[in-house]
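In: Starting from these lines, generate the structure:
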Amino acid sequence: MAGGAAHRAEPARSRHDAAGPSGPAAALQSGAHNRPMPNLLMIDDDARLAAMVRDYLISNGFAVHTAATVAAGLEQLAREPGRFDLVLLDLMLPDGDGLEVCRRIRAPGGGNADIPIVMLTAKGDPLDRVVGLEIGADDYLPKPFEPRELLARIRAVLRRRGEPRDTADVMRFGALEIDRGARSVRVAGATRSLTSHQFDLLVLLAERAGRVLSREQILDAMHGSSSDPAFDRSIDVHIARIRAAIEEDPRAPKRIVTVRGAGYVFARAQDV
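Out: Numbering: from 1, shown residues only. This is a model prediction of the structure:
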């Protein structure tokens, strides 16, 4: 976090007892909002940062658990699959690589394969961020960061996952079925694996079938901002991953078509 952000997050610590998210303060917060607290796991070896993030997020209605190593984080995830609503994942860890952790979480058949992942990285190279998104992260945030931005990103990812729809749950395009209620995708009855972010992007395109969307329009709809060039490049990465999952031949796509110089269009009529 930036120096000013750390100063703002620190006071929250005194308002919570050592019991953390299971203590009385967290219980009161949960009851006050009359809904379960989102349960987050933060895997980061920076103890000071993890404590400040934990306290700040608890003060904003989240239950937060922390792990300082790859082994501890994966153990918590494996102990009770489905327990966590989101993972905050550092790229650099003492006993492994955050990218490898992301791959293992996203492995097909795992109990946490569809959990949203927000990657935290101190690296400045946008390529590292794109790689993280390519292997399954839903969003990223470079260090140092403002706690309010982290909170906004977490809420946006969770909102995209649970956002109610006022149209039919299942959209059908030939052999392709997109079930918004179950957040699943099937091609000829076979389930195809997408990350939460990729699923939301596919829904965005499918709901506007036949309409060309520029990268800027996609970014505005998905993130509310098109100011980061790394995000602009990540759109192409996500499209490629979606095509790999739903196209018969990803190199000659028929469902998500590139319109040179304009953007992407989801084909309204599909025979396959």
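In: from here on, contacts and neighbour counts on C-alpha atoms
Out: OK.
In: now for the lengthiest helix in the chain, which elements pack on it?
Out: Secondary structure assigned by DSSP state H gives helix 229-246 as the longest helix of the chain. Packed against helix 229-246 by the contact rule (3 or more Cα pairs under 8 Å, 6 or more residues apart in numbering; DSSP states H and E) you find helix 126-134, helix 196-207, helix 215-223.
In: and the angle from it to helix 215-223?
Out: Using axes from the mean of the first three to the mean of the last three Cα atoms, to 10 degrees, one finds that helix 229-246 and helix 215-223 are set 80 degrees apart in direction.
In: Show me the chain divided up by domain.
Out: 3-162, 170-266 (automatic domain parsing).
In: Throw the ones you listed into JSON lines and include mean neighbour count, thanks.
Out: Formatted as JSON lines, the domains of the chain follow (neighbours: other Cα atoms under 10 Å):
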{"stretch": "domain 3-162", "mean neighbour count": "18"}
{"stretch": "domain 170-266", "mean neighbour count": "17"}
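In: In terms of mean pLDDT, which of the ones you listed ranks lowest?
Out: Least confidently modelled of these is domain 3-162, at a mean of 77 by mean pLDDT.
In: residues contacting residue 46?
Out: Residues touching residue 46, when contacts are defined by Cα atoms under 8 Å, 6 or more residues apart in numbering, comprise residue 68.
In: Tell me how far it lies from residue 146.
Out: 16 Å (Cα to Cα, to the nearest Å).
In: okay if I get the helices and strands packed on helix 229-246 as a markdown table plus distance to residue 256?
Out: Conversion of the helices and strands packed on helix 229-246 to a markdown table gives the following (distance: least, Cα to Cα, whole Å):
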| stretch | distance to residue 256 |
| --- | --- |
| helix 126-134 | 17 |
| helix 196-207 | 8 |
| helix 215-223 | 13 |
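In: can you tell me which residues contact the residue most central in space within the chain?
Out: Computing the C-alpha centroid of the chain and ranking residues by Cα atoms, centre = their mean puts residue 138 first, at 2.7 Å. Applying Cα under 8 Å, 6+ apart to residue 138 gives the contacts 116-119, 157, 195-198.
In: right, and the pair among those residues with maximum separation?
Out: Greatest spacing in the contacts of residue 138, by Cα to Cα: 119 and 198 (15.4 Å).
In: Leaving out chain neighbours, which residue sits closest to residue 105?
Out: The spatially closest residue to residue 105, leaving aside those adjacent along the chain, is residue 113, at 5.4 Å (Cα to Cα, 6 or more residues apart in numbering).
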